[in-house]
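J.: Pasting the sequence and the predicted model now:
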Amino acid sequence: MTARALLVRGLLVGLLAGFATFLVAYEVGEPHVQTAIALEEAGSAADAPHAEDATAGHTHEEDGTVVSRHDQRTWGLLTGTLVVGTALGGIVALLAAAAVGRLGRMTPGQSTATVALIGFVSFALVPFLKYPATPPAVGNGETIGDRTSWYFAFMLISLAFAALSTLLAVRVAENSGAYAGVLSGVGLYVVAMVVAGQLLPTVNEIGDFPADVLWYFRRASLITFATMWAVIGIGLTGLIGRRYRQDVQQAARRELAASL
């Protein structure tokens, strides 16, 4: 149960999670991305006659070569999900290794599942609820820098309070039991994130974009990154739990052999 052994397992599970995420994103998310792109292109085509005089003599070829849409939705998407999945699997594995023996009387498998759940909620789910993903043609290009800063600020606040809430839960559980520990930790996190969500700006730049397309896109985005976290959490929990049971069995056999 060394950190290196857990890291190797995390990288392998993350690679598998990246491939699974690609399949889900390609089948569930890409159709809605394509719909949003079609709407954006239709809007640009409608505005084009008004800008002919200002752009006379200019062609898209002058902007240089761009990546085709086919490559973006196939090899580009696969590369991105594999890289992110592998990195995320390694990070979760290292955090799980650090948590072994530090979350009360949880076994390594149980503490790994807890780490993955906390990571999904604090890193992915809660920031998504405040600043959900937006498809092409949504949002003002002039505010993209501010929107990105707000998102990462909220994510860092979420991660910080998730860590503090976990420490509080462990301390309270040692003195008052697991129920009080979990209640205090969850309570601190919820209150902190509600306050942070009220203080940080709200983004409302949807305009006349179709509500159903926006809903389907955001639902697909949530399903996509939930797939990555689910594969990492379930896979890593299973591998670490199996390794722990093997170590316990080996220790029991050595103890039995020494007693003969």
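T.: Perfect, I can see it now. Numbering: from 1, shown residues only.

J.: tell me which residues in whatever helix or strand residue 148 lives in are buried?
T.: Taking DSSP states H and E as the definition, residue 148 sits inside helix 144-176. By neighbour count on 16 or more other CB atoms under 10 Å, the buried set for helix 144-176 is 147, 150-151, 154-155, 157-159, 161-162, 165-166, 168-170, 172-173. Bear in mind the C-beta positions are built from the backbone N, C-alpha and C, glycine included.

J.: how far is the helix or strand just after it from where the chain is centred?
T.: Later in the chain than helix 144-176, the nearest helix or strand by DSSP H and E is helix 178-199. From the chain centre to the centre of helix 178-199 is a distance of 20 Å (CA atoms, centre = their mean, to the nearest Å).

J.: Which other helices and strands does helix 178-199 contact?
T.: helix 144-176 (3 or more CB pairs under 8 Å, 6 or more residues apart in numbering; DSSP states H and E).

J.: Show me what the helix it packs on is packed up against.
T.: Right, helix 144-176 is packed against helix 126-130, helix 178-199 by 3+ CB pairs under 8 Å, 6+ apart.

J.: Tell me which of those sits most buried.
T.: Ranked by mean neighbour count, the helices and strands packed on helix 144-176 are led by helix 126-130 with a mean of 18 (mean count of other CB atoms under 10 Å).

J.: Need the mean per-residue confidence for that helix.
T.: Helix 126-130 shows a mean pLDDT of 94.

J.: now stretch 98-110
T.: 88.

J.: From residue 27, how far out is residue 189?
T.: Note on residue 189: its distance to residue 27, by CB to CB, to the nearest Å, is 33 Å.

J.: can you pull the contacts of residue 82?
T.: Counting by CB atoms under 8 Å, 6 or more residues apart in numbering, residue 82 makes contact with 15, 18-19, 22.

J.: what about 10 Å?
T.: 14-19, 21-22 (CB atoms under 10 Å, 6 or more residues apart in numbering).

J.: Just the pLDDT for residue 53.
T.: 49.

J.: and what of residue 58?
T.: 42.

J.: just residue 41 next, same as before
T.: With respect to pLDDT, residue 41 has a value of 72.

J.: which parts of whatever helix or strand it lives in are buried?
T.: Element membership of residue 41, judged by DSSP H and E, is helix 30-47. Neighbour-count burial for helix 30-47 flags 30, 32-33, 35-36, 39 (criterion: 16+ other CB under 10 Å).

J.: measure residue 157 to residue 250 for me?
T.: 43 Å.

J.: need the longest helix for the chain.
T.: helix 211-259 (DSSP state H).
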